[in-house]
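Chemist: Provided below are the primary sequence and the corresponding predicted coordinates.
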Amino acid sequence: MPQWLEIVLRTLCAVVVLFFMTKLLGKRQVSQLSFFEYLTGITIGSLVAYISLDLEANWYLGLIALGVWVACSLLIEYIQLKNKKARDFIDFKATVLIKDGKILEDNLKKERLSSDELMEQLRKKNVFQVADVEFAIMESSGEINILQTRESLPLTPKDLGIQVASEKVAQVVVMDGQVMDEPLRVMGFNQGWLMEELDKQGAKLSDVYLAQVDTYGQLTIDLYDDQIQTPQNEERKLLYANLKKCQADLELFSLSTKSKKAKEMYEQSSKQIEKILATVKTILTT
């Protein structure tokens, strides 16, 4: 038998053996990699080491083995894309570990996961009671995802009927004391605005290690000297307080006037400001 054909057959045999051996170990060995990515990673590493260190004249045969592995990986990825049953067989099916606040012990044993390890994974998701979990599932990657019960979920602006502006990525506008012009332009500002904001916070550009602008145009800075305390920008809170005062004044005017037409106008204006306050509260008070 030619050497190259022997290498191909031996490599194909190694693919099958490694697959079933790793399958036997279980998905916890895979971590964040997909199942076959894990196999391919460790094997290609070994093959590359063989090619690098083998001093015999037939070292090039390692390249053939490496090529076979790459071809097998591409073929398996293609099969996975086309066939659901193949995906489930190669990369495991997801396993339900908790349902309606109850741990499914049989599934836990199947995945060789102890109670301590399960609780550790829940704590990583900021969940400390099993009863707070509506559904917990171990994915094919070995990661555990959870869905908390509705009463355990934190309130969101949507739950309170509050509309908030869409979030943008915060931009670093000063790094190591140097102004970053491109991020500053992305946020719609210029160096003049930056210097004015720094002046409001009593800071010099040369003292700033890092500065960021958030979705709402708020500038936050970190100084080289950590002992220096920068004053908080109170403009938004002051604006919110002024709007509240305007609403209170309009309500007072509606109560004190004897004109029916004026009373309706004051009440309508007060309700409009109340709606505005509900919309901008999270923006102006944080």
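Modeler: Noted; the coordinates are in hand.
Chemist: how near is the nearest residue to Asp100 once chain neighbours are set aside to Ser141?
Modeler: Excluding the flanking residues, the one nearest Asp100 by Cβ to Cβ, 6 or more residues apart in numbering is Glu134, at 6.7 Å. Quick note: C-beta positions are derived from backbone N, CA and C, even for glycine. Distance of Glu134 to Ser141, computed by Cβ to Cβ, to the nearest Å: 21 Å.
Chemist: who's more crowded, the two?
Modeler: More neighbours surround Ser141 than the other of Glu134 and Ser141, with 19 against 15 (other Cβ atoms under 10 Å).
Chemist: Where does the more buried one sit, in terms of helix or strand?
Modeler: Under the criterion DSSP states H and E, no helix or strand holds Ser141.
Chemist: Pop out the phi and psi values for it.
Modeler: Here is the backbone geometry of Ser141 (degrees, to the nearest 10): phi -80, psi -10.
Chemist: per-residue confidence for it?
Modeler: The model reports Ser141 with a pLDDT of 72.
Chemist: Next: Val173.
Modeler: Listed pLDDT for Val173 reads 91.
Chemist: where do the strands sit along the chain?
Modeler: Taking DSSP state E, the strands of the chain run over residues 95-99, 102-103, 133-138, 144-148, 171-175, 178-179, 208-213, 219-223.
Chemist: Including distance to Tyr78, could these go into JSON lines?
Modeler: Shown next, in JSON lines, are the strands of the chain (distance: least, Cβ to Cβ, whole Å):
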{"stretch": "strand 95-99", "distance to Tyr78": "26"}
{"stretch": "strand 102-103", "distance to Tyr78": "38"}
{"stretch": "strand 133-138", "distance to Tyr78": "26"}
{"stretch": "strand 144-148", "distance to Tyr78": "27"}
{"stretch": "strand 171-175", "distance to Tyr78": "41"}
{"stretch": "strand 178-179", "distance to Tyr78": "48"}
{"stretch": "strand 208-213", "distance to Tyr78": "44"}
{"stretch": "strand 219-223", "distance to Tyr78": "48"}
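Chemist: what's the closest of those to Glu197?
Modeler: strand 219-223 (4.5 Å; Cβ to Cβ).
Chemist: what does the closest one contact?
Modeler: Residues from elsewhere that reach strand 219-223, judged by Cβ atoms under 8 Å, 6 or more residues apart in numbering: 173-174, 194, 197-198, 201, 203, 207-214, 230, 233.
Chemist: cool, and stretch 169-178?
Modeler: Outside of stretch 169-178, the residues within contact range by Cβ under 8 Å, 6+ apart are 179-180, 183-184, 186-187, 189, 194, 205-215, 219, 221, 224.
Chemist: Enumerate the positions of the top helix by length along the chain that are buried.
Modeler: Using DSSP state H, we find that the single longest helix of the chain is helix 260-284. By neighbour count on 16 or more other Cβ atoms under 10 Å, the buried set for helix 260-284 is Tyr266, Ser269, Ser270, Ile273, Leu277, Val280, Lys281, Leu284.
Chemist: for those, which one is nearest Asn107?
Modeler: Compare each of the buried residues of helix 260-284 with Asn107 using Cβ to Cβ and the shortest gap goes to Lys281, at 44.5 Å.
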